[in-house]
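*Asks:* Sharing a model prediction with you, sequence too.
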Amino acid sequence: MKNLLKMGDLSPAELTHILDVADQLKADCKAGRTAPLLAGKSVALLFSKASTRTRTSFEVGVYQMGGLGNYMNTAELQAGRGEPLRDTARVLGRYYDCAVWRTYRQRDLEELAELSGIPVINGLTDYAHPCQVLADLMTIRERRGTLAGLKLCFVGDGSNMANSLIVGGLLAGMQVSCVCPPGYRPAADVLMFAHKYGDAFHLTTDPAEGLRDADIVATAAWNTTAPGTAENEQRLRDFVGFQLTGRLLENAKPDALVLHCLPAHRGEEISTALFEQHADEIFDEAENRLHVQKAVLAVLLAGK
């Protein structure tokens, strides 16, 4: 693994290895014996979008492993005044050992990886969110002891979280169903990837059908547009019936886990009552962002 730009960059063995390393690093952290695996290493933390979990978990993780994590708002760099990405990439590659970028276009992230010459990690793009999905899979495995054979259902917008959960779940040997309203399907290349797994993947517009017998149900915010705008109002209409509620969850297994990548818009993609009922696993999932990202850094920079 040279970069982590999307879940499809990983083989099943590489995915399992990252989770194994994350488990060990989490145990070490809880025992107060984190090794300085990044001593002398510097990581550029580039953010073109607002962030809570991605920024803070990478900052803390790099610090815990003895490295330097340098946060940069890209609007405050020369890139914010028009410097071409190719120039920024070639400069950062001469200063840093690794770069994390939370941005919009997947192609920009790929260009940074191509030109910087250092490992690049996707902190979120409009297409993919691999760090989050690794944390999701870590949380599921912690609580269920395995991933293979479990049914994972995602309900929401077929954007970055859906794309990454589909690929990650299938790589891990899970059954995956994806529930999206018409017009909000996952990316075409992700559906082509999933098609290779035959009956292990199912795409539907019927939430009850998608949740049937699910072991894990995941969702994400689907309405981040400005309130009162035409797009905001359209999404509120399009996603009627796609809110995770206690009643809808009755279609899943009685002990089903509920995951949410956060931030949560209670009353939109998930009801307040259901969110609080499953807060323990949701915030374990958030904590595990720290541990899987440390694992990715350890694999890329410390040869773990």
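*Replies:* Arrived safely, thanks for sending.

*Asks:* Tell me which stretches of the stretch 101-250 of the chain form strands.
*Replies:* With DSSP state E, counting those that start in this stretch as the criterion, the stretch 101-250 of the chain has strands at 120-124, 151-155, 175-179, 201-204, 216-219.

*Asks:* of those strands, which approaches residue 23 most closely?
*Replies:* strand 216-219 (18.1 Å; CB to CB). The way it works is simple: take the backbone N, C-alpha and C, and place the C-beta from them, glycine included.

*Asks:* tell me what the lengthiest helix in the chain is packed against?
*Replies:* Assignment by DSSP state H gives helix 279-302 as the longest helix of the chain. If contacts are counted by 3 or more CB pairs under 8 Å, 6 or more residues apart in numbering; DSSP states H and E, helix 279-302 sits against helix 12-30, helix 53-64, strand 98-102, strand 120-124, helix 130-144, strand 257-260.

*Asks:* Next, work out how far apart residue 177 and residue 133 are.
*Replies:* The gap separating residue 177 from residue 133 is 16 Å, by CB to CB, to the nearest Å.

*Asks:* and if you look at residue 34?
*Replies:* Distance from residue 34 to residue 133, counting by CB to CB: 24 Å.

*Asks:* do residue 104 as well
*Replies:* 19 Å.

*Asks:* Give the buried residues for the lowest-mean-pLDDT helix or strand in the chain.
*Replies:* When the helices and strands of the chain are scored by mean pLDDT, DSSP states H and E, helix 230-238 comes last with a mean of 93. Residues 235, 238 are the ones in helix 230-238 that count as buried (16 or more other CB atoms under 10 Å).

*Asks:* tell me how far that helix is from the chain's mean position?
*Replies:* 25 Å (CA atoms, centre = their mean, to the nearest Å).

*Asks:* which helices and strands does it pack with?
*Replies:* Using 3+ CB pairs under 8 Å, 6+ apart, helix 230-238 sits against no helix or strand.

*Asks:* May I have that helix as PDB, with CA atoms only?
*Replies:* Extracted in PDB, the C-alpha atoms of helix 230-238 (Å, rounded to 0.1, in the frame of the first residue of the first chain):
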ATOM      1  CA  ALA A 230     -34.000  25.000  -3.100                       C
ATOM      2  CA  GLU A 231     -31.600  22.000  -2.800                       C
ATOM      3  CA  ASN A 232     -32.200  21.800   0.900                       C
ATOM      4  CA  GLU A 233     -36.000  21.700   0.500                       C
ATOM      5  CA  GLN A 234     -35.700  19.200  -2.400                       C
ATOM      6  CA  ARG A 235     -33.600  16.800  -0.300                       C
ATOM      7  CA  LEU A 236     -36.000  17.000   2.600                       C
ATOM      8  CA  ARG A 237     -38.700  15.800   0.100                       C
ATOM      9  CA  ASP A 238     -36.600  13.200  -1.600                       C
END
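
*Asks:* which helices and strands sit right next to the helix or strand where residue 90 lies?
*Replies:* Assigned by DSSP states H and E, residue 90 belongs to helix 85-95. Other elements packing on helix 85-95 under the criterion 3+ CB pairs under 8 Å, 6+ apart are strand 42-47, helix 106-116.

*Asks:* So which of these is nearest residue 283?
*Replies:* strand 42-47 (22.5 Å).

*Asks:* Give me the residue at the spatial middle of the protein.
*Replies:* Centroid check for the chain by CA atoms, centre = their mean gives residue 132 as the closest residue, at 2.3 Å.

*Asks:* In this structure residue 220 contacts residue 157, no?
*Replies:* Yes. Contact status for residue 220 versus residue 157: in contact at 7.1 Å, counting by CB atoms under 8 Å.

*Asks:* Surely residue 203 and residue 185 touch.
*Replies:* Yes. Look at residue 203 against residue 185 with CB under 8 Å: they come within range, at 7.1 Å.

*Asks:* Show me the shaky parts of the stretch 201-304 of the chain.
*Replies:* Within the stretch 201-304 of the chain, no range satisfies pLDDT under 70.

*Asks:* so what sits against both of residue 203 and residue 185?
*Replies:* Residues touching both residue 203 and residue 185 (CB atoms under 8 Å, 6 or more residues apart in numbering) are residue 191.

*Asks:* sorry, back to before: out of residue 34 and residue 133, which sits in the more crowded spot?
*Replies:* residue 133 (27 against 17; other CB atoms under 10 Å).

*Asks:* Quick check: pLDDT value at residue 79.
*Replies:* Per-residue pLDDT puts residue 79 at 88.

*Asks:* Check the gap between it and residue 108 for me.
*Replies:* Residue 79 is 10 Å from residue 108, where distance means CB to CB.
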